[in-house]
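Student: sequence isn't available, so here's the structure alone:
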């Protein structure tokens, strides 16, 4: 175990009814979550994660001993990709669904089991010290948060000055072509494949609605600026179906 090891057994209560619903939903679909992702994206989600993780730390930083947080880690797909690219880093896999974390923990073998610590946590009140993380990664998680502004402030708080935040997400589409793709795939194909993979149709009716209600990438980058982040960059993936957003806590804060 690493010096970062934290108890994964702490009880975390959602901040509101929406959070409790999401927490329960993800625990219920944990057994088929990875399968659903592969089916729905035809494996594209693996490439998205790989590209997003590749820029999690600046190329000038030595990753050995870096302290990294995979927030909304789910079944640890992203966490394991972080470990693959930064094998010398100590990683916390944080999620408030114990079912997702328990499923993901089964994947931890060898050096990954020594470097990765799963921990249940709420993104709105991270149980981590100020300025304690060199980098934070979050894939397809921020749109499920009840209070995005509060969670963003928490990410800023726990990053060290100069630390980088990386977000991989589906933002609300604005272009006609991307809206058409979302309408076709997310409202028809996604629910059917999600139901086939997990047996939970409701969860995969919720997920496309969460995209439609979420911020645009422009709105999210403005929130990052208001929260004190700088050097904000956005990268469109697969014609804007998904985006990578990177932002940095200033050295002087």
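Tutor: Perfect, thanks for sending it. Note that the coordinates shown come from a computational prediction; the quantities given were computed from them, not determined experimentally.

Student: so which residues of this structure form helices?
Tutor: 17-41, 44-54, 77-85, 98-105, 111-115, 148-158, 176-184, 190-198, 201-213, 217-226 (DSSP state H).

Student: need these in a markdown table (columns: mean pLDDT and mean neighbour count).
Tutor: Any C-beta I mention is one placed from the backbone N, CA and C, and that applies to glycine too. Below are the helices of the chain laid out as a markdown table (pLDDT from 0 to 100; neighbours: other C-beta atoms under 10 Å):
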| stretch | mean pLDDT | mean neighbour count |
| --- | --- | --- |
| helix 17-41 | 81 | 18 |
| helix 44-54 | 94 | 18 |
| helix 77-85 | 97 | 23 |
| helix 98-105 | 93 | 21 |
| helix 111-115 | 97 | 15 |
| helix 148-158 | 97 | 19 |
| helix 176-184 | 68 | 13 |
| helix 190-198 | 78 | 19 |
| helix 201-213 | 74 | 16 |
| helix 217-226 | 96 | 16 |
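
Student: save the ones you listed as TSV, and put in distance to residue 243 too.
Tutor: As requested, the helices of the chain are arranged in TSV below (distance: least, C-beta to C-beta, whole Å):
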stretch	distance to residue 243
helix 17-41	15
helix 44-54	9
helix 77-85	15
helix 98-105	23
helix 111-115	28
helix 148-158	15
helix 176-184	11
helix 190-198	18
helix 201-213	12
helix 217-226	5
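
Student: which one of the ones you listed lies nearest to residue 139?
Tutor: Distances from residue 139 to each of those were compared using C-beta to C-beta; the minimum, 4.6 Å, belongs to helix 77-85.

Student: quick one, that closest one and helix 17-41 angle?
Tutor: 60 degrees (axes from the mean of the first three to the mean of the last three C-alpha atoms, to 10 degrees).

Student: which strands and helices sit next to helix 77-85?
Tutor: helix 44-54, strand 67-71, strand 90-95, helix 111-115, strand 116-120, strand 133-139 (3 or more C-beta pairs under 8 Å, 6 or more residues apart in numbering; DSSP states H and E).

Student: quick one: the longest one to chain centroid distance?
Tutor: Mean-position distance between helix 44-54 and its chain equals 12 Å (C-alpha atoms, centre = their mean, to the nearest Å).

Student: show residues contacting it.
Tutor: For helix 44-54, contacts defined as C-beta atoms under 8 Å, 6 or more residues apart in numbering pick out 37-38, 41, 77-78, 81-82, 85, 137, 139, 166, 168, 235, 237-238, 242, 244.

Student: if I look at residue 36, how far off is residue 118?
Tutor: Remark: distance between residue 36 and residue 118 (C-beta to C-beta, to the nearest Å) = 21 Å.

Student: my error: substitute residue 102 in the last question.
Tutor: Distance from residue 102 to residue 118, counting by C-beta to C-beta: 8 Å.

Student: one more: residue 100?
Tutor: Taking C-beta to C-beta, one finds residue 100 at 9 Å from residue 118.

Student: what do the two both touch?
Tutor: Common neighbours of residue 100 and residue 118, using C-beta under 8 Å, 6+ apart, are residue 73.

Student: excluding its backbone neighbours, what's nearest residue 194?
Tutor: Of all residues not flanking residue 194 in the chain, residue 204 sits nearest, at 2.8 Å (C-beta to C-beta, 6 or more residues apart in numbering).

Student: what sits against that neighbour?
Tutor: 36, 190, 191, 193, 194, 195, 198.

Student: out of the residues you listed, who's nearest residue 23?
Tutor: Distances from residue 23 to the contacts of residue 204, taken by C-beta to C-beta, are shortest for residue 198, at 15.8 Å.
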